[in-house]
Structure formats: C-alpha cells, structure tokens
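Visitor: show me the folded form of this:
(one chain, ligands or ions: 1)
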Amino acid sequence: MDLRKRRWILWILLALVFLLVNVYRLSSAVLADRLMAGFDVSGAQLGTLHASFFYVYALLQLPAGVLVDRIGPRRTVTAGCLLLSLGAIGFAASTGFYTGFLTRALIGVGGSVVFVSIMRFCVSWYRADEYATMSGLTVAIVGLGGILAATPLAVATDAIGWRPVIFGLGLSGLCLSAGVYLFVRDDPPEPLYEDENEKSVPSTAKRQITYRKRVARVLAHPRTWLVGTILFCTTGTVTTLLGLWGVPFVVQTYDVSVTTASQYTLLGSVGLLVGPPAIGWLSDRLGRRTELLVAGSGAYILAFLVLASPGRQPLALVAVAYFSIGLLTGAFTLGYPVIKEQFSVQTSGLSTATVNCAGFTGAAAFPTLMGAALDAYWTGETVGGTRVYTDVGYQIAFAIAAVAALVALLCSVILHRTSDGGNPEPTRSSPAGSESE
Ligand SMILES: N[C@@H](Cc1c[nH]cn1)C(=O)NCC(=O)O
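Guide: You can find the predicted model right below:
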C-alpha cells in the first residue's frame, strides 16, 4: 500500500485509542449520578475518583516520554491500551470506592502514554511542515471525546446501563491494542520523502550523546518552561471551563436547566474539534508558529474577559466566548511543534511529554484555584446539594482565567522575540543523530 495512505490508516488506529482515553476521562459528568449510586460514594469521593485520572496522567507524562523515546510508539501504545482497557473492565465490575479508584487510576496509567506516542509517530511518518496540522488533528480528538462523552454516552447508558457501556469500551480497547501491535510501525519501511532534509527520521537512529544528557537539556531549556507555562495556563483554564465550572456558571447566572447549559460546553468542545487542526494547518501553510501563538493568546484573554466582565452578558455572547475558548486551544497546540523543533528527534517524546505534563498540572490546579474564588463568594445556599455562587464569584473566577491567559500571552511574546521567528526551520525534523538543543 502507498505509504502516504498507510500512515493515515495507522494514525486513525492510534487516534481511536486516544478517543477512548478521552471518553473515559470526560465521562464523569454524565455518569456522576450512576457512579455515586453504583459505588455508594459522596460527591467529594466522586471528585477524588474523577481527579485520580488527571493526577496519574500528569505524573506519568515524563516516564511516558522516556518510554516512547526508548521503545517506540507501537509497543508503548499497545501496552498502554491494554492497561487502560483492563482498567475499564475492572471499573465496570467495581462496586466500591477503592476498587473504583484503583481501576480508574489504571485507566489513567494506560492512557498517559497515548498522546505522546502519537506525537512521536507523527515525527517519523509526517514532514515537519505537516506536524502542526497533525498535532492539531490529534488534539481535536479531545474535542470529539468531549462530544461523545456527552449526549451519546448519556443515551447509551440510559439504554443499556453504564456498566455494559464501559465494559464494551474496555473490550473494544483490547481489540484496538491487538490492532496497534499488529499493524502500527514506528517508522516507515523506506523514506517517505526524497529530500534528505525532509525524510522521516528513524526512531532507532544512532544516539550520539547519552539520553540522560538529553533529559537534562530538555528540562533546563528556557523554551521548555515557556511552552510549559503556556500549556499550564491554557490547558488548565479550558479544561476547568468545559469540564467543571462552565455548566454551573450558565445554570446559576442565567437560570436555565443543566441540559441547556451543557449545550454551551458542547460548543466549546466543537471549538476544540475545529480549532486545533485549522490553526495547525494554517501554521504549516504560513510557516509561522509564534505569531499565531501571540494572536491566539490575545484573543483568549478577550474571551475570558467577556465572562469576567461585570453585569450579565447576553447568552449569545457567552456562547461565542465558550466556542472561542475551545477554538483558540488550537493556537496553544502550536506549543507542541515549537518544542519538537527545539530538540532532536531522539528526545521528542520526552520534550512533548514535559510540556504536556505542565498542561495537565494546570488541569489539576485551576479547578481548585477557581473553586476557591467561588467559595469565597458563596451565597450560603445549596440547591440539590450544589452550592449556589454569586455573579461576583464567577467574575473573579473567570478573571483568574483571564490573568492566566495574560501570562500565556507574555510567554508567547517572549517565545516569539527570542527566536528567529520561532517558526519551522527550513530543515524538517532534526536529522537523525544530530542535536539541536
Ligand atoms: N494540551 C492539551 C489540550 C487540551 C486537553 N484538554 C483540553 N485541552 C492536550 O490535548 N493534550 C493532549 C493530551 O495528553 O490529552
């Protein structure tokens, strides 16, 4: 089969595994009532159960990066998918908090390796000026997962119950794991491109300096910290809006039902589905990265300022803000190509994983930070066990997100000004065995 067609089939296979990861990680909202009843847990315990995935995910990013650099994406995703599917089957069979916690954590362990492995696969199978598009397409799977984990998951669990649904997803994961092992290859069997600089780079390329030194260079490089801070601020705020406070804000401020409010977060997921591939594609076509990062950060601040401004904005404007916040995630996704282009191919798993770890640390930190602001302005009332917050509380919570977006803008400006454009270099992925750090 033509290698250019084959790489798409392989990417889709890997993307299906990443889709499973995202359905699991975003499923708690829809399954909340059933999980509380099924595991006999309180709201706080359910929160811990949900968060266990993110803590494990963030903690394991660095080991995941090292693993994929060492053994390649095929074996890493096969093992990851196997573990997360066994975790899902165990979760479906759990009846108590501890088994629920452990099996959900196992889903996090297996899931933690998938995104960095796909990014490493793309380094070998795609040109550098296709990499931003591929990063965007891969991040779009997060948006697709958000959409599937909403109404379709709710309909499926209503029809057959949550345990059979999760069990079925676990079984399909086992099949996918076998598919990845049988069909995916870490590198194309022959170079995909004629130009020496454009050919894909074997993941088994000869190492000239020790991996330990490469790790030290990645961790010490200012760009790692700049991109890491951008992802900390933006992944943190977008996941907190779409995954946590976005629905209560609309319900409590505009007095609409949860179903109506969830359509606004759904719009955010649609933005996340469309924005990263579109902005990634634009970046590859224009040969520009950091300019788009700067512009995207500026617009991201504005979107949060709409939500943070005093008075109640029209719901249509709130809808535009939610959609834009998802869409603009595409600009921050350019952090992955920026960091990949900074380091050699042999360290690309680790460099991607390091900045992704920062993103998910943000996803763990911002819910608490914004929640603390909301608690400080709590009305004192609870409805159906849920605290009712004031408009001022929400404005301050969103102002925190706007300040985080400002920090992302400052880092983007520094990235832009400290690079020769910060854009894809004329050479594609750094040639095998060379060091660009
Ligand atoms: N940088 C994030 C973007 C994101 C995730 N959720 C909301 N935004 C990302 O997609 N990382 C990849 C991953 O590991 O899931």
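Visitor: what's the neighbour count on residue 174?
Guide: Residue 174 has 15 neighbours, counted by other CB atoms under 10 Å. Backbone N, C-alpha and C define where each C-beta goes, glycine included.
Visitor: where's the spatially closest residue to it that is not a sequence neighbour, which helix or strand?
Guide: In space, and not counting its chain neighbours, residue 174 is closest to residue 85: 4.8 Å by CB to CB, 6 or more residues apart in numbering. Assessed by DSSP states H and E, residue 85 sits inside helix 61-93.
Visitor: now do that helix: distance to the chain's middle.
Guide: Distance, stretch centre to chain centre, for helix 61-93: 16 Å (CA atoms, centre = their mean, to the nearest Å).
Visitor: go on, stretch 165-178?
Guide: Offset of stretch 165-178 from its chain centre (CA atoms, centre = their mean): 21 Å.
Visitor: mind listing the strands for the stretch 251-400 of the chain?
Guide: For the stretch 251-400 of the chain, the strands defined by DSSP state E, counting those that start in this stretch occupy 378-383, 386-389.
Visitor: quick one: is the helix holding residue 85 near the ligand?
Guide: No. Helix 61-93 does not reach the ligand (CB under 6 Å from any ligand atom); its nearest approach is 7.7 Å.
Visitor: which positions in that helix come out as buried?
Guide: For helix 61-93, burial by neighbour count (16 or more other CB atoms under 10 Å) applies to 61-62, 64-69, 72-92.
Visitor: who does the host helix or strand of residue 224 touch, helix- and strand-wise?
Guide: Under the criterion of DSSP H and E, residue 224 resides in helix 222-240. For helix 222-240, the packing partners by 3 or more CB pairs under 8 Å, 6 or more residues apart in numbering; DSSP states H and E come out as helix 290-308, helix 315-333, helix 335-342, helix 348-376, helix 391-417.
Visitor: for the first one, give the mean pLDDT please.
Guide: What helix 290-308 shows for mean pLDDT is 97.
Visitor: near the ligand, anything from that helix?
Guide: No. Residues of helix 290-308 contacting the ligand under CB under 6 Å from any ligand atom: none, with a closest distance of 12.2 Å.
Visitor: same check on the fourth one?
Guide: Yes. Counting by CB under 6 Å from any ligand atom, contacts between helix 348-376 and the ligand involve 356, 359.
Visitor: what's the spacing between that helix and its chain's center?
Guide: With CA atoms, centre = their mean, you get 11 Å for helix 348-376.
Visitor: now do the buried residues in it.
Guide: Quick answer for helix 348-376 (16+ other CB under 10 Å): 348-367, 369-371, 373-374.
Visitor: list the contacts of residue 24.
Guide: Each residue near residue 24 by CB atoms under 8 Å, 6 or more residues apart in numbering is listed here: 53, 84, 88, 104, 107, 111, 169.
Visitor: which element is it on?
Guide: Following DSSP H and E, one finds residue 24 within helix 3-25.
Visitor: quick one: mean pLDDT for the helix or strand following that helix?
Guide: Proceeding N to C from helix 3-25, the next assigned helix or strand is helix 28-39, under DSSP H and E. Across helix 28-39, the average pLDDT comes to 81.
Visitor: quick one: the residue in the stretch 251-400 of the chain that the ligand sits nearest to from residue 180, how far?
Guide: Per CB to the nearest ligand atom, residue 359 is where the stretch 251-400 of the chain lies closest to the ligand, at 4.3 Å. From residue 359 across to residue 180, the span is 24 Å (CB to CB, to the nearest Å).
Visitor: can you report how many residues lie near the closest residue to residue 146 other than its chain neighbours?
Guide: The shortest distance from residue 146 to any non-neighbouring residue, by CB to CB, 6+ apart, is to residue 269 (3.4 Å). A count of nearby residues for residue 269, using other CB under 10 Å, gives 24.
Visitor: among the contacts of residue 24, which two are most distant?
Guide: Using CB to CB, the two most remote members of the contacts of residue 24 are 53 and 169, lying 14.4 Å apart.
Visitor: can you pull the contacts of residue 250?
Guide: Remark: with contacts taken as CB under 8 Å, 6+ apart, residue 250 is in contact with 256, 260, 261, 264, 315, 318.
Visitor: run the last query once more with 7 Å
Guide: Counting by CB atoms under 7 Å, 6 or more residues apart in numbering, residue 250 touches 256, 261, 264, 318.
Visitor: tell me the spacing between it and residue 89.
Guide: Where residue 89 is concerned, residue 250 sits at a distance of 36 Å (CB to CB).
Visitor: do the same with residue 344
Guide: From residue 344 to residue 89 the distance is 39 Å (CB to CB).
Visitor: over to residue 146?
Guide: Residue 146 is 23 Å from residue 89, by CB to CB.
Visitor: the ligand contacts on the stretch 101-250 of the chain?
Guide: Near the ligand, the residues belonging to the stretch 101-250 of the chain are 115, 139, 142, 231, 235, 238, 239 when assessed by CB under 6 Å from any ligand atom.
Visitor: quick check: the two most widely separated of those?
Guide: Taking CB to CB, the two most distant members of these are 115 and 238; they sit 15.4 Å apart.
Visitor: residue in the chain nearest to the ligand?
Guide: Minimum separation of the chain from the ligand (CB to the nearest ligand atom) falls at residue 115, amounting to 3.4 Å.
Visitor: before we move on, back to that, is it true that the residue nearest to residue 174 touches residue 166?
Guide: No. Counting by CB atoms under 7 Å, residue 85 sits too far from residue 166 to count as a contact (10.4 Å).
Visitor: so who does the closest residue to residue 232 other than its chain neighbours touch?
Guide: Distance criterion CB to CB, 6+ apart; nearest residue to residue 232, sequence neighbours excluded, is residue 362 at 3.8 Å. By CB under 7 Å, 6+ apart, the contact list for residue 362 reads 231, 232, 233, 235, 236.
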